[in-house]
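J.: the amino acid sequence is not available; the structure is as follows:
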């Protein structure tokens, strides 16, 4: 399915590989592909004017991408294969759209009105996108139409992978451990969804981490350094550009040890088998890897963004973030897209 | 003229501050949410009680995927351990159970408090006036689910549906 997705992407974009990672224990065969779309931070046209950054290629490449995924899913299903699409959160930027707590249910509609093609395609029931709530769209949970959106997914049916927005790792740095205990058990544990009290706690932490001025940047004061991007016409390796402790710069392994530690703990306590965490939030596409204490491979996959910029090396030319991640046949790939 | 920032903030926050001291009366009607937040879909097809093996499997799936068939179709469970977490309750529901049994200690572990006797389901042609379904807030799943039990004229439980309900409360902002 990787080849099939890549072929479809090449019809609409210039595609380069950011990173690849293979782990035979992830539990994914070649009959399905899981596609992950990162932070988009959509804003209404009116509010967009107030900020330095808006969604990259929101009316062009991003629309083509979602339309392509929709067609790929339709075609694959006719052959008994599945294309499952996930959005990692921070799809709508309620914070930048409405500076007060977004208690007005018309706020999401204001944003979507400026991006009708994209949002209609992405929310089309036929695509069955699995939406996660991020920090900038956390408040969507209170509005009708969004109450099925989740805060984490497990994959596959016998879970090895946790998919979450990733702002939890910010909270670790800013909150007391006792404030986070129940939230950590919920996010990493497989026992229960979040009730009202827990959602209230998460909302408080989300607001605490909201910084006061998004005028110049959201996550990246400087473009994220991705490393050398591999053109698609070379044979794509099973492993490429892994960020590992000891050799990678600090930004390349950010949150890796924390994510691994949480999975080690929950696996030990509950018997789960988590060995990969997929996040967005940082706008820095990368795959960071290390071993768990028992030797099991672990990877933190940060799938990037469609806002702000990246670069291949420090001081290099800025490239608009436009990434997509895909998992099939136990291999995770992150691609950087650009208009042809 | 440019409004000073502090004045603008006070004006915008005033409505929130003004409503903080209001106390809401408790809600005693449970509306069955639209089909995106329950497992049954457009037509009422409650799982029969006592639970059969097939019914139990269906209920386990519903809980495992957060009552959302889209999650099931995507293969992305939100509560993968649900069959284990609810094992003892599902065992209990495999036996003949009456309404009064729900007040007994075995069930009170699972349904410790909130009960609503008025369940409104827009999909039903008739809302029963007697022996109507009752809804109990489950202790499992962090209190997110309400379990609606349907009963016959002798108050034997004959069906069950689990629904996910947004909190029937008003958001209370933290005191400044």
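T.: Perfect, I can see it now. Remember, it's a predicted structure, so these values are computed and weren't measured experimentally. Numbers count the residues shown, from 1 in each chain, chains lettered A, B, ... in the order given.

J.: give me the secondary structure label for the closest residue to chain A within chain B.
T.: Residue nearest to chain A within chain B: residue B:142 (3.1 Å; Cβ to the nearest Cβ). For the C-beta atoms, the positions are set from N, CA and C on the backbone; glycine is no exception. For residue B:142, the assignment made with DSSP: H, G, I helix; E, B strand; the rest coil gives helix.

J.: enumerate the residues of the stretch 101-250 of chain A near chain B.
T.: Residues of the stretch 101-250 of chain A lying close to chain B by Cβ under 8 Å from any Cβ of the partner chain are A:101, A:103, A:128, A:130, A:142, A:147-148, A:150, A:152-159, A:163, A:186, A:189-198, A:204.

J.: among these, which ones are in helices?
T.: Judged by DSSP state H, the subset of these located in helices is A:186, A:196-198, A:204.

J.: just among these, which is most surrounded?
T.: residue A:186 (22 neighbours; other Cβ atoms under 10 Å in any protein chain shown).

J.: looking at the ones in helices among the residues of the stretch 101-250 of chain A next to chain B, which is nearest residue A:72?
T.: residue A:186 (33.2 Å; Cβ to Cβ).

J.: next up, phi/psi of residue A:64, please.
T.: phi -60, psi -40 (degrees, to the nearest 10).

J.: skipping adjacent residues, who's closest to it in space?
T.: Computed as Cβ to Cβ, 6 or more residues apart in numbering or on different chains, the closest residue to residue A:64 that is not its neighbour in sequence is residue A:12, at 4.4 Å.

J.: show me where the stretch 201-340 of chain A has strands.
T.: A:224-225, A:230-231, A:242-243, A:276-279, A:286-291, A:297-302, A:309-311, A:319-320, A:323-328, A:331-339 (DSSP state E, counting those that start in this stretch).

J.: give me every residue that touches residue B:81.
T.: Applying Cβ atoms under 8 Å, 6 or more residues apart in numbering or on different chains, we find residue B:81 in contact with A:189-191, A:270.

J.: ok, of these, which come out buried?
T.: A:189-191, A:270 (16 or more other Cβ atoms under 10 Å in any protein chain shown).

J.: point me to the residue of chain A nearest chain B.
T.: residue A:195 (3.1 Å).

J.: not counting its neighbours along the chain, what's nearest that residue?
T.: Closest to residue A:195 by Cβ to Cβ, 6+ apart is residue B:142, at 3.1 Å.

J.: repeat for residue A:256
T.: Residue A:256 sits nearest to residue A:288 (Cβ to Cβ, 6+ apart), 4.2 Å away.

J.: thought the one you found was touching residue A:282?
T.: No - judged on Cβ atoms under 8 Å, residue A:288 makes no contact with residue A:282 at a distance of 11.1 Å.

J.: need the residues touching each of those two.
T.: A:254-255, A:302.

J.: mind putting the strands of the stretch 201-340 of chain A into a markdown table with mean pLDDT?
T.: A markdown table is the format used below for the strands of the stretch 201-340 of chain A (pLDDT from 0 to 100):
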| stretch | mean pLDDT |
| --- | --- |
| strand A:224-225 | 92 |
| strand A:230-231 | 91 |
| strand A:242-243 | 97 |
| strand A:276-279 | 98 |
| strand A:286-291 | 98 |
| strand A:297-302 | 98 |
| strand A:309-311 | 96 |
| strand A:319-320 | 97 |
| strand A:323-328 | 98 |
| strand A:331-339 | 97 |
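
J.: just put the ones you listed in a markdown table and tack on mean neighbour count.
T.: Shown next, in a markdown table, are the strands of the stretch 201-340 of chain A (neighbours: other Cβ atoms under 10 Å in any protein chain shown):
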| stretch | mean neighbour count |
| --- | --- |
| strand A:224-225 | 20 |
| strand A:230-231 | 15 |
| strand A:242-243 | 21 |
| strand A:276-279 | 27 |
| strand A:286-291 | 22 |
| strand A:297-302 | 24 |
| strand A:309-311 | 20 |
| strand A:319-320 | 19 |
| strand A:323-328 | 25 |
| strand A:331-339 | 22 |
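
J.: kindly reformat those as JSON lines containing distance to residue A:123.
T.: Output for these, formatted as JSON lines (distance: least, Cβ to Cβ, whole Å):
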{"stretch": "strand A:224-225", "distance to residue A:123": "28"}
{"stretch": "strand A:230-231", "distance to residue A:123": "33"}
{"stretch": "strand A:242-243", "distance to residue A:123": "33"}
{"stretch": "strand A:276-279", "distance to residue A:123": "21"}
{"stretch": "strand A:286-291", "distance to residue A:123": "28"}
{"stretch": "strand A:297-302", "distance to residue A:123": "24"}
{"stretch": "strand A:309-311", "distance to residue A:123": "27"}
{"stretch": "strand A:319-320", "distance to residue A:123": "24"}
{"stretch": "strand A:323-328", "distance to residue A:123": "18"}
{"stretch": "strand A:331-339", "distance to residue A:123": "21"}
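
J.: mind listing the helices for the chain?
T.: You didn't pick a chain, so chain A it is. With DSSP H, the ranges of helices along chain A come out as A:2-10, A:45-48, A:61-78, A:94-97, A:107-113, A:116-122, A:168-174, A:177-188, A:196-208, A:256-270.

J.: should've been chain B
T.: B:5-19, B:53-64, B:69-74, B:82-85, B:87-92, B:105-108.

J.: give the contact list for the residue minimising distance to the centre of chain B.
T.: In chain B, the C-alpha nearest the mean C-alpha coordinate belongs to residue B:146, at 2.4 Å (Cα atoms, centre = their mean). Contact partners of residue B:146, counting by Cβ under 8 Å, 6+ apart, are B:30, B:116, B:135-138, B:162-165.

J.: separation between it and residue A:149?
T.: Residue B:146 sits 20 Å away from residue A:149, going by Cβ to Cβ, to the nearest Å.
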